[in-house]
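1. Structure for this input, please:
(chains A and B)
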Amino acid sequence: MSVLELSGVSKRFGGLQALSEISLSVSSGEVLGLIGPNGAGKSTLVSCITGVLRIDGGAIRFGDRDIHALPPHQRARRGIARTFQKVRLADQLTVYENVAAGLASQWFGRANGWMIAFRPLSAPAVAQAVNRTLEQVGLGDVSGAIVRSLPFGRRHFVEIARALVSEPGLLLLDEPATGLTERERERLAALVKSIAAEGCAQILVEHDLELVGRLCHRVIVINQGHHVFTGTPAAAQTEPEVVRAYLGMNQLIGGGADDARR
Amino acid sequence: MSRRILLIAAVAALAALPLTFGAFWINMVITALIFSLAVFSINLLTGLTGLLSFGQAGFVGIGAYTLGVMAKQGTPPLLAGLYGVLLAMLCGFLLGLPAARLKGHYLAIGTLGFGILIYQLLTNSVDITRGPMGLIGIPTGGIDKQTWYLVMLCVCLAVLAALAYIDRYSSLGVILKMVRHDEIAAQASGINIFAVKLIAFTVSAGFAGLSGVLFAAYVRFLTPDLFNEQESFRYMMMAVVGGIGSPLGGFAASLILTMIPEGLRALGEDNYRLLVYGTMVLFVLWFLPSGIGGLIERQRR
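-> Just a heads-up that it's a prediction; the model follows:
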């Protein structure tokens, strides 16, 4: 069953048609790769899904509702969580505090949300969710550390934890592998798989095509705002349109494609 | 544990102070405590939520004049004071509607404009406020200074404790700090930043209004000049010297910065004392850019 469905989504900035007639869908437990060369419109598409940008045409359905008119915080409360290309954390706060902030979408999604917000940060309802998520992403040991003191790579995981803590239905990962060490990259790959196994739908925007090939069940390729291809990573590398749009990709998109089919 | 003892000792010392003080100093400390509520209102708005306001004196004025005008017309002072706080909150809400959409310099100028507007209203609505002639003889007397001092001390410590709790331990504090730090990330976490800012404006205006209400009830004499933009800057300066975002620092700074200029009167009635005062403030900010709050934080670590 598809969690998110975009049909004919268009976005225009003045004279620039940033997205034209993009359609896609993600099901629960699925990892959808969103790839394309620089300036293809990937970030614009992510912004349209999260509500930072309003679309000019088309429809966005999440669950069983059309959400294209909702502001970002309401989409978050319905279960769309995201990470950012450039990490956006409150870096003088602790890891724990940053992740707890992610629970806001749960607090305010409920009628008595404000009451919960007055509870201490160490209340069991908060601590349980935060600690479980920190363990899941492998940050259990640095819960009390100030974010600024963490190595850059680990901050990506703090962001993922903040997004995950509210148990979203859809997780958008915007270039999560940027700046990661080899070990962190493997850690990320395992994490994405475990999140999928829990039934969360994921959209992975990533330049690391080997990783995309290994993790994604399907990929969607866009170029200059146009849809180029949707299919398995393996099929993408033989598609002439894709090769033309994304020169050299057929060599890069990796041997891991078999994994994705399992 | 030793910190707790220290805290209790400090509070006990504060409570015993008026026994050793002369009337002049008690008077000043009470005024400083009343000011500190306005400084708290800046701490909530600017320190926690990241919204710059140069119009806080406007809210103080609204609270003060509501009590003054209504009490003189025969409303019981307690009720008039309540109206003063509520009216200030209403004005904070109404100012927040446009101001919560502004950022940085634009917000600073917008709130400055609000402060000037209120000052002009107080000056020119002569029929209601008596304008520059001042509102004299507000009927809130009958409480001696010792009681005033203890009441103000309790009010301030309660507000201080509440702010410190929100800042350090509550989930709400994290939400406010997320809004200050990164609005886009806050939205992506389901935080309605417009609503949070609007509430911050409203609550902050309520504290400033309370400061005004207490000022009017204590001093029993009002002129519009007590609430002009210079006062707004003074509150902001106290908050900055205290360390923006540190309620305890703001509290200390409002006490110290009220007393120093008075103590400097020993230098004579010339304006030299203001020169000395200004230089001192500059040096504090030079050596302690994060204010007294930063110093407290450093001791704690």
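2. correct me, but residue A:121 touches residue B:172?
-> No: using CB atoms under 8 Å, residue A:121 is not in contact with residue B:172, being 9.4 Å away. For the C-beta atoms, the positions are set from N, CA and C on the backbone; glycine is no exception.
3. so which residue of the stretch 151-300 of chain B comes closest to chain A?
-> Going by CB to the nearest CB, chain A is nearest to residue B:190 of the stretch 151-300 of chain B, at 2.6 Å.
4. How about the contacts made by whichever residue of the stretch 1-150 of chain B sits closest to chain A?
-> Proximity of the stretch 1-150 of chain B to chain A (CB to the nearest CB) peaks at residue B:50, 11.0 Å away. Neighbouring residues of residue B:50 by CB atoms under 8 Å, 6 or more residues apart in numbering or on different chains: B:179, B:180, B:181.
5. what's it sitting at in phi/psi?
-> phi 80, psi 20 (degrees, to the nearest 10).
6. now whichever residue of the stretch 101-250 of chain A sits closest to chain B, nearest residue through space, not along the chain?
-> Closest approach between the stretch 101-250 of chain A and chain B, counting by CB to the nearest CB: residue A:105, at 2.6 Å. In space, and not counting its chain neighbours, residue A:105 is closest to residue B:190: 2.6 Å by CB to CB, 6 or more residues apart in numbering or on different chains.
7. May I ask which helix or strand encompasses that neighbour?
-> Residue B:190 is part of no helix or strand when elements are defined by DSSP states H and E.
8. can you tell me how far it sits from residue B:101?
-> 20 Å (CB to CB, to the nearest Å).
9. In terms of neighbours, single out the busier of those two.
-> The neighbour comparison of residue B:190 against residue B:101 (other CB atoms under 10 Å in any protein chain shown) goes to residue B:190, with 29 against 12.
10. ok, now how distant is that one from residue A:119?
-> Taking CB to CB, one finds residue B:190 at 17 Å from residue A:119.
11. do residue B:164 as well
-> 16 Å.
12. rewinding a little: surely the residue nearest to residue A:105 touches residue A:79?
-> No: at 9.5 Å, residue B:190 does not count as touching residue A:79 under the criterion of CB under 8 Å.
13. so residue B:30 sits right up against residue B:149, yeah?
-> Yes: the pair residue B:30 / residue B:149 is scored as a contact, 5.4 Å apart, by CB under 8 Å.
14. where are the low-confidence patches of chain B?
-> Within chain B, the stretches with pLDDT under 70 are B:1-2, B:18-19, B:267-270, B:300-301.
15. Next SSE downstream of the strand or helix carrying residue B:16?
-> Assigned by DSSP H and E, residue B:16 belongs to helix B:2-20. Tracing the chain C-terminally past helix B:2-20 and defining elements by DSSP H and E, one meets helix B:23-42 next.
16. Can you check what angle separates the next helix or strand after that next one from helix B:23-42?
-> Proceeding N to C from helix B:23-42, the next assigned helix or strand is helix B:56-72, under DSSP H and E. Counting by axes from the mean of the first three to the mean of the last three CA atoms, to 10 degrees, helix B:56-72 lies at 120 degrees to helix B:23-42.
17. buried stuff in the helix or strand just after helix B:56-72?
-> Per DSSP H and E, the first helix or strand lying C-terminal to helix B:56-72 is helix B:77-99. Using 16 or more other CB atoms under 10 Å in any protein chain shown as the test for burial, helix B:77-99 gives B:77, B:80-85, B:87-89, B:91-93, B:95-96, B:99.
18. For these, work out which two are farthest apart.
-> Distances among the buried residues of helix B:77-99 were taken as CB to CB; the most separated pair is B:77 and B:99, at 31.0 Å.
19. Could you tell me the angle between the helix holding residue B:16 and helix B:23-42?
-> 140 degrees.
20. Figure out how far helix B:2-20 is from the centre of its chain.
-> Here the centre of helix B:2-20 is set off from its chain's centre by 23 Å, with CA atoms, centre = their mean, to the nearest Å.
21. Kindly report the residues of the stretch 1-150 of chain A close to chain B.
-> When proximity is defined as CB under 8 Å from any CB of the partner chain, the stretch 1-150 of chain A approaches chain B at A:50-52, A:71-74, A:76-77, A:81-82, A:84, A:88-90, A:93, A:97, A:100-109, A:116-123, A:126.
22. give me that answer again for 7 Å
-> Contact residues, the stretch 1-150 of chain A versus chain B (CB under 7 Å from any CB of the partner chain): A:50, A:52, A:72-73, A:76-77, A:82, A:84, A:88, A:90, A:93, A:97, A:100-102, A:104-105, A:108-109, A:116-121, A:126.
23. what does chain B have sitting close to chain A?
-> B:169-172, B:174-175, B:177-178, B:181-182, B:184-185, B:187-192.
24. ok, now with 8 Å
-> So chain B meets chain A at B:169-175, B:177-178, B:181-182, B:184-193 (CB under 8 Å from any CB).
25. could you flag which of the residues you listed are buried?
-> B:170-175, B:177-178, B:181-182, B:185-193.
26. Just give me the residue right at the centre of chain B.
-> Nearest to the mean C-alpha position of chain B, by CA atoms, centre = their mean, lies residue B:38 at 0.9 Å.
27. thought that one was touching residue B:207?
-> Yes: in terms of CB under 8 Å, residue B:38 counts as a neighbour of residue B:207; the distance is 7.2 Å.
28. picking up where we left off before, the residue nearest to the centre of chain B - nearest residue in space that isn't next to it in sequence?
-> residue B:211 (4.2 Å).
29. I figured that neighbour hits residue B:63, correct?
-> Yes: counting by CB under 8 Å, residue B:211 touches residue B:63, with 6.7 Å between them.
30. which residues in chain A form strands?
-> Counting by DSSP state E, chain A has these strands, from start to end: A:2-13, A:16-27, A:31-35, A:57-62, A:65-66, A:80-82, A:170-174, A:201-205, A:218-223, A:226-231.
31. could I get these as CSV with distance to residue B:253, mean pLDDT and mean neighbour count?
-> As requested, those are exported to CSV (distance: least, CB to CB, whole Å; pLDDT from 0 to 100; neighbours: other CB atoms under 10 Å in any protein chain shown):
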stretch, distance to residue B:253, mean pLDDT, mean neighbour count
strand A:2-13, 47, 88, 18
strand A:16-27, 50, 88, 19
strand A:31-35, 51, 90, 25
strand A:57-62, 49, 90, 17
strand A:65-66, 50, 88, 10
strand A:80-82, 40, 92, 28
strand A:170-174, 42, 92, 24
strand A:201-205, 47, 92, 24
strand A:218-223, 55, 89, 23
strand A:226-231, 59, 84, 17
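32. if we compare these, which one ends up closest to residue B:109?
-> Closest to residue B:109 of the strands of chain A, according to CB to CB: strand A:2-13, at 29.2 Å.
33. Tell me the confidence at residue A:246?
-> You'll see residue A:246 listed with a pLDDT of 67.
34. nope, residue A:261 is what I meant
-> Looking at residue A:261, its pLDDT stands at 38.
35. With residue A:198 instead?
-> 90.
36. After the longest helix anywhere in chain B, which helix or strand is next?
-> Criterion DSSP state H: the longest helix present in chain B is helix B:193-219. Toward the C-terminus, helix B:193-219 is succeeded by strand B:221-222 as the next helix or strand (DSSP H and E).
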